[in-house]
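> sharing a model prediction with you, sequence too.
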Amino acid sequence: MHPDHLVYMAVCIGIVAFLYSAVGHAGASGYIAVLTLFSMAPAAIKPTALILNILVACIGTVQFWRAGHFSWRLFWPFAILSIPCAFLGGYLNLPAHIFKLLIGVVLLLSALKFIIDPKEKSAIQPPSRPVSCGVGAGLGLLAGCTGTGGGIFLTPLVILMGWARTKTASAVSALFILANSISGLAGNLSATKYFPTFAWSFVATALVCGTAGSYLGSRSFSPVIIKRLLAIILTIAGVKLLFIK
C-alpha cells in the first residue's frame, strides 16, 4: 500500500473515531466505509474494523462510565445473548444484500427522526427482560455478520423506544459494542485464521480521536448535539449499507 494512502486513511479513521465516540459508538461502520472506499480486500476489512472498534469502545466505556451515565440494569439483559450471537455472526460469512438494504433504510429513517425531533422523551420506561434479551440476541448476530459492535443499531432503538435517556443509551452502547466486537473478532479469527498487520497503523489515530470524542460526548455535549451527531453517523452507516459494496 502506498504511504500516502495510509495517511489519508488514518485521517479519515480519526474523523470517524471522533464522531462515533462522541455518541458512545466506536466507529466500525465508518471504518468499513473508509476501508471499502480505499479498495481494501474484503477479508481484511472486518477484522480491521473490529480491532479499532475494540480499542475505541474501551475508551468510550470508561469515559461514559466515569461521567455517571452507565446503567448495569439496562445493559446486562441486552448483552447476555448478544455476545454468543456476535461470535456466531463473526464466524459466518453470509450473503445479505436484501438484509443490508432493509437495515440501511431503517438507519436512514432513524437519522431523519433525530434531525426532525432531537428532544428527549419526557417519559422513560426500560424494556422487560425478555424483550431486552431478544433484542440483544438479534443485534449481536447482526453485529457479527456486519463486522460492527451493534451499537449503531442499539442506540437509536433505545432512544426512539424511550427505554433510556440519550447519554445512558450511549453509555450502554459503548460496553455493548466492546463485548460484541471482542466476540465478533474471535469468531472471525476462528473462521479465517487471518489478521491484517496494516490495521495496527491506525491504532494511534483512533485512540487519540476516540478519547477526545468520548470525553466531549460524555461530559460536554448536550443530548441535542449528541442526537445531531448520531443522525450524521446513522446516515453514514445507512449510505454504506445501501450503496457501498
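Perfect, I can see it now. Numbers count the residues shown, from 1 in each chain.
> quick one: mean pLDDT over the top helix by length along the chain.
Across the chain, the longest stretch assigned as helix under DSSP state H is helix 166-192. Averaging pLDDT along helix 166-192 yields 92.
> repeat that for stretch 215-234.
91.
> got the angle for the helix or strand of the chain with the lowest mean pLDDT vs helix 166-192?
Lowest by mean pLDDT, DSSP states H and E among the helices and strands of the chain is helix 97-116, with a mean of 78. Angle between the axes of helix 97-116 and helix 166-192 is 160 degrees (criterion: axes from the mean of the first three to the mean of the last three CA atoms, to 10 degrees).
> what is helix 97-116 packed up against?
helix 129-146, helix 151-160, helix 223-243 (3 or more CB pairs under 8 Å, 6 or more residues apart in numbering; DSSP states H and E). Just so you know, the C-beta spots here come from the backbone N, C-alpha and C atoms, and that holds for glycine as well.
> my guess is Ala179 contacts Ser82, does it?
Yes - counting by CB atoms under 8 Å, Ala179 does reach Ser82; the two are 7.1 Å apart.
> between these two, who's got more neighbours?
Higher neighbour count among Ala179 and Ser82: Ser82, with 30 against 25, using other CB atoms under 10 Å.
> hmm, back to that, for the helices and strands packed on helix 97-116, which one sits closest to Val7?
helix 223-243 (21.0 Å; CB to CB).
> can you name every helix or strand that that closest one contacts?
helix 3-21, helix 28-37, helix 97-116, helix 151-160, helix 166-192.
> and the last one, what does it pack against?
If I follow you right, that is helix 166-192. helix 42-66, helix 72-91, helix 129-146, helix 151-160, helix 203-219, helix 223-243.
> now do the second one
Counting contacts by 3+ CB pairs under 8 Å, 6+ apart, helix 28-37 is packed against helix 3-21, helix 42-66, helix 129-146, helix 223-243.
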